[in-house]
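**Q** I'll drop the sequence and a predicted model, then ask my questions.
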Amino acid sequence: MPKIADTYKGDFSFQEIYELVRNYLLDQGFVALEEPDFGPDLWETRYLEKGSPTNYIIEWRLQNVISDYYRYILNVDFQGIAISPKEIMWEGRKVKIHSGELSIKLSGAVETDYKKEWEKSWLLKHFAKRYDERIMAKELKEQKDTLFATMNELHGLVRNYFGQRGGEGTAVIEPTRRVS
């Protein structure tokens, strides 16, 4: 599963960064992994807000269906530590922003046979792993590369928002595996 993480300390607009990430993922075709009763627009699988200054934990579990056989799974985790509201003067007017530490972690996977059609078949379930490893290996790698490129582009947008450059973020690629 590819993973990307970044942490920022300082002043920022929590709402702006939240909307930046959400709008980018909407444009890429991501939706809630499991549609809640409230509708597909509610992505939060976990939302915790506690204390003053406020600590946040927000988790999104998303999917992007690529074909009948492939889908991307993307986890987005926001963790805010000691986030407090603040007012600054910007272009001659007062603007409300936040100050604190914000971590954004992205992890993703390419899931094969997400409809479990091979798994349900008494014959095909014995060949699923070999099919992925031998026949679909090239396409699976291309799908994984595409997902990682999407995650890297989002990571770049976040870094640009924060004005960060250099090696504070980390990117790690781990082998794609069959998700159960």
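**A** All right, it came through fine.
**Q** residue contacts, Val65?
**A** For Val65, the contact set (C-beta atoms under 8 Å, 6 or more residues apart in numbering) comprises Gly29, Arg71, Tyr114. For glycine as for every other residue, the C-beta is placed from the backbone atoms N, C-alpha and C.
**Q** now with 7 Å, please.
**A** Arg71 (C-beta atoms under 7 Å, 6 or more residues apart in numbering).
**Q** now swap in Asp68 and tell me
**A** So Asp68 contacts Lys115 (C-beta under 7 Å, 6+ apart).
**Q** and if you look at Val76?
**A** Here Val76 is in contact with Val21, Trp60, Leu62, Leu106 (C-beta under 7 Å, 6+ apart).
**Q** mind listing the residues bridging to the closest residue to Phe14 other than its chain neighbours?
**A** Distance criterion C-beta to C-beta, 6 or more residues apart in numbering; nearest residue to Phe14, sequence neighbours excluded, is His98 at 4.7 Å. Beta-bridge partners recorded for His98 (DSSP bridges): Phe12, Pro85.
**Q** give me the pLDDT for Gly163.
**A** We have a pLDDT of 77 for Gly163.
**Q** next, find the distance separating the spatially most central residue of the chain from Lys115.
**A** Nearest residue to the geometric centre of the chain (C-alpha atoms, centre = their mean): Val76, 3.3 Å. Separation of Val76 from Lys115 (C-beta to C-beta, to the nearest Å): 24 Å.
**Q** same check, this time on Met151
**A** In terms of C-beta to C-beta, Met151 sits 24 Å off from Lys115.
**Q** before we move on, what about Leu154?
**A** In this view, Leu154 and Lys115 are 27 Å apart by C-beta to C-beta.
**Q** these two: which is more packed in?
**A** Taking other C-beta atoms under 10 Å, Leu154 and Lys115 do not tie; Leu154 has more neighbours (20 against 12).
**Q** cheers, nothing more for now.
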